[in-house]
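Colleague: Following is a predicted model, sequence given first.
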Amino acid sequence: MNPLIGHPFHGWRVAWAGFWVLFIVYGIQFSYGTFEGAISADKGWSATWLQLAYASYILAYSAASAWTGQLTDRFGPRRVIATGAALLAAGYLVLSASGTLAMVFLGLAVIAPLGMSSSWVPANATVVRWFTERRGLATGIVGSGGSAGGIVVPPIAAWLVEQYGWRTAIAVMAVSGGVLMAATAMVFVRDPESIGQYPDGRTPRRAERPPIRSRVVSRPAGFVVEATRGEAPDAENPRTAWTAPQAWRNSVFWRIFGMFALTFVVVFVPFAHGVQYARSLGFSLQLASGVISSVGVGGLVGRIVTGPLSDRIDRRRAVGLALAIETLSFVGFAVSDNLVLLYASAIAFGLSYGGSVAVFPALVADYFGRSHAGAIVGRFFATAGSCAAIGPYVAQLLLNATGGYGWTFSMAAVANAGALGLAFTLPPPGLLPKR
């Protein structure tokens, strides 16, 4: 007998386990800027090459997430995340021992991404299986781990670099992060049904599907009611348990894809160029670095607030609100000429970015169900998420061509406005186009 059967609802432990997994992996990822300067100064390698390795890392782990999402559905999150912990640690250990740029690319752009891909998608895909009514709150908890890690870990990394050098700092973070991530993986359980529990901790009486009072109601424009009023929310049945190929052929999938591709393509621009932009406005390095801290604080608040808010209002409205604020934040960046407006824009960006990312897996599960969440969320992250590797490089090209950041942030605002427009085209989750 599974030792968890008969115990209190395990879903919140899974959500907090997801928090710590993302805290670890994104804490290490956002510390790369600290490592990069020390590596470049020590080895004399061009920052351009080190940035290319980092961009390759982002692209590789985003693409690999489609694979780890499918593995999560097949083998469960515990094995996938534990294996990812070992690979993430191995990749950064290779980076710490690098004597050539080839080793940098091997560790950072080949091995480490396999570990990183075993974090966001497996954690979120598992959590959405455990919740239906409080799904937004649960994914908000998971997502806030990434923001918290980005705030807490980089200063620790900087201290380690100053005290012991970049090689030791990276090695210490690789080993400690890998061990903690592997230990946290043991908390994950595939879904509540596997241990005799029900989503949201409901009792068997509440979780059982009530008698169906209405079946399928025709709607104009080729829509049908997929989950009728008399059914349990997110019921596991052929109408709601979409497979990844079925979701891939659905127009709603592609509308959601378009939303997140448009917003992800510019999402790393403030992280990669925020300090440089502030410096170009004449602010000191210390004040300029506050832009990134402001984004991190805003992201943490956005994840904590938007997730539970989306449980109370239509989740599409929560996503639309986040995208609207993100559009305005880029407008603010574009016209910033003082520190107050710059910091306010950074906080607004963090709020909106953190909120939309937190709600994203819950929104996908609302439409396509729990059974194949790993494969479906993984496909989104692998395709739309890969666009995040493009934005910072294009922003640099625009900077070189125009001599300023006005066009960069204006184009980012236009991209987010397009995403907001797509959000308005989404039907209610209970109404899906015929397959």
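Modeller: Great, that's in hand. Every value quoted in this text rests on a predicted model; they were computed, and no experiment measured them.
Colleague: show me what contacts residue 156?
Modeller: residue 31 (CB atoms under 8 Å, 6 or more residues apart in numbering). Where you see a C-beta, it was placed from the backbone N, CA and C, and this is true even at glycine.
Colleague: host element of it?
Modeller: Using DSSP states H and E, residue 156 maps to helix 135-164.
Colleague: Can you mark which positions in that helix are buried?
Modeller: Under the neighbour-count criterion of 16 or more other CB atoms under 10 Å, helix 135-164 has 135-151, 153-154, 157-158, 160-161 buried.
Colleague: Show me where the stretch 301-435 of the chain has its strands.
Modeller: Ranges of strands within the stretch 301-435 of the chain are 431-433, based on DSSP state E, counting those that start in this stretch.
Colleague: I'd like to check which residues are in contact with residue 105.
Modeller: Taking CB under 8 Å, 6+ apart as the test, what residue 105 contacts is 53, 56.
Colleague: make it 6 Å
Modeller: Listed by CB atoms under 6 Å, 6 or more residues apart in numbering, the contact partners of residue 105 are residue 53.
Colleague: Look at it and tell me its secondary structure.
Modeller: Using DSSP: H, G, I helix; E, B strand; the rest coil, the structure places residue 105 in helix.
Colleague: Could you measure from it over to residue 54?
Modeller: 10 Å (CB to CB, to the nearest Å).
Colleague: Please apply the same query to residue 35.
Modeller: 10 Å.
Colleague: what do you get for residue 187?
Modeller: 30 Å.
Colleague: Repeat that for residue 415.
Modeller: 22 Å.
Colleague: try residue 95
Modeller: To residue 54, residue 95 is 11 Å away according to CB to CB.
Colleague: Not counting sequence-adjacent ones, nearest residue to the residue most central in space within the chain?
Modeller: Geometric centre of the chain, nearest residue: residue 357, 5.3 Å, by CA atoms, centre = their mean. Excluding its sequence neighbours, the residue lying closest to residue 357 (CB to CB, 6 or more residues apart in numbering) is residue 143, at 5.7 Å.
Colleague: Tell me the confidence at that neighbour?
Modeller: pLDDT, residue 143: 87.
Colleague: lowest-confidence helix or strand of this structure?
Modeller: Least confident helix or strand, the chain: strand 223-225 with a mean of 35, by mean pLDDT, DSSP states H and E.
Colleague: what residues does the helix or strand following that strand touch?
Modeller: Toward the C-terminal end, the helix or strand that comes next after strand 223-225 (DSSP H and E) is helix 244-248. Identification of contacts with helix 244-248 by CB under 6 Å, 6+ apart yields 253, 368, 372, 375-376, 379, 435.
Colleague: switch to 8 Å and redo it
Modeller: Contacts for helix 244-248 (CB under 8 Å, 6+ apart): 70, 253, 367-368, 372, 375-376, 378-379, 435.
Colleague: the strands in the stretch 151-300 of the chain, which residues?
Modeller: 218-219, 223-225.
Colleague: avg pLDDT for the first one?
Modeller: Right, strand 218-219. 38.
Colleague: One more: stretch 156-170?
Modeller: Here stretch 156-170 scores 90 as its mean pLDDT.
Colleague: Can you give the distance of that stretch from its chain's centre?
Modeller: Relative to the centre of its chain, stretch 156-170 is centred 27 Å away, using CA atoms, centre = their mean, to the nearest Å.
Colleague: How far does it stretch from one end to the other?
Modeller: 11 Å (CA to CA, to the nearest Å).
Colleague: Can you give me the domain boundaries for the chain?
Modeller: In the domain annotation for the chain, the residue ranges read 11-195, 219-433 (automatic domain parsing).
Colleague: I figured residue 182 was touching residue 82, is that so?
Modeller: Yes. The criterion here is CB atoms under 8 Å, and residue 182 meets it with residue 82 at 4.9 Å.
Colleague: what's the overlap in contacts for these two?
Modeller: Counting by CB under 8 Å, 6+ apart, nothing touches both residue 182 and residue 82.
Colleague: so what's residue 69 closest to, chain neighbours aside?
Modeller: Distance criterion CB to CB, 6+ apart; nearest residue to residue 69, sequence neighbours excluded, is residue 378 at 2.1 Å.
Colleague: Ok, residue 73 next?
Modeller: Of all residues not flanking residue 73 in the chain, residue 374 sits nearest, at 4.0 Å (CB to CB, 6+ apart).
Colleague: do residue 70 as well
Modeller: Leaving aside its chain neighbours, residue 70 sits nearest to residue 375 (4.6 Å; criterion: CB to CB, 6+ apart).
Colleague: how near is the one you found to residue 245?
Modeller: Distance from residue 375 to residue 245, counting by CB to CB: 9 Å.
Colleague: And residue 288, by the same measure?
Modeller: Between residue 288 and residue 245 the distance, using CB to CB, works out to 47 Å.
Colleague: repeat for residue 384
Modeller: Distance of residue 384 to residue 245, given as CB to CB: 18 Å.
Colleague: More neighbours: which of those two?
Modeller: Ranked by neighbour count (other CB atoms under 10 Å), residue 384 and residue 245 place residue 384 first, with 21 against 11.
Colleague: State the distance from the more buried one to residue 137.
Modeller: Distance of residue 384 to residue 137, given as CB to CB: 24 Å.
Colleague: and what of residue 29?
Modeller: Residue 29 is 25 Å from residue 137, by CB to CB.
Colleague: With residue 269 instead?
Modeller: Distance of residue 269 to residue 137, computed by CB to CB: 29 Å.
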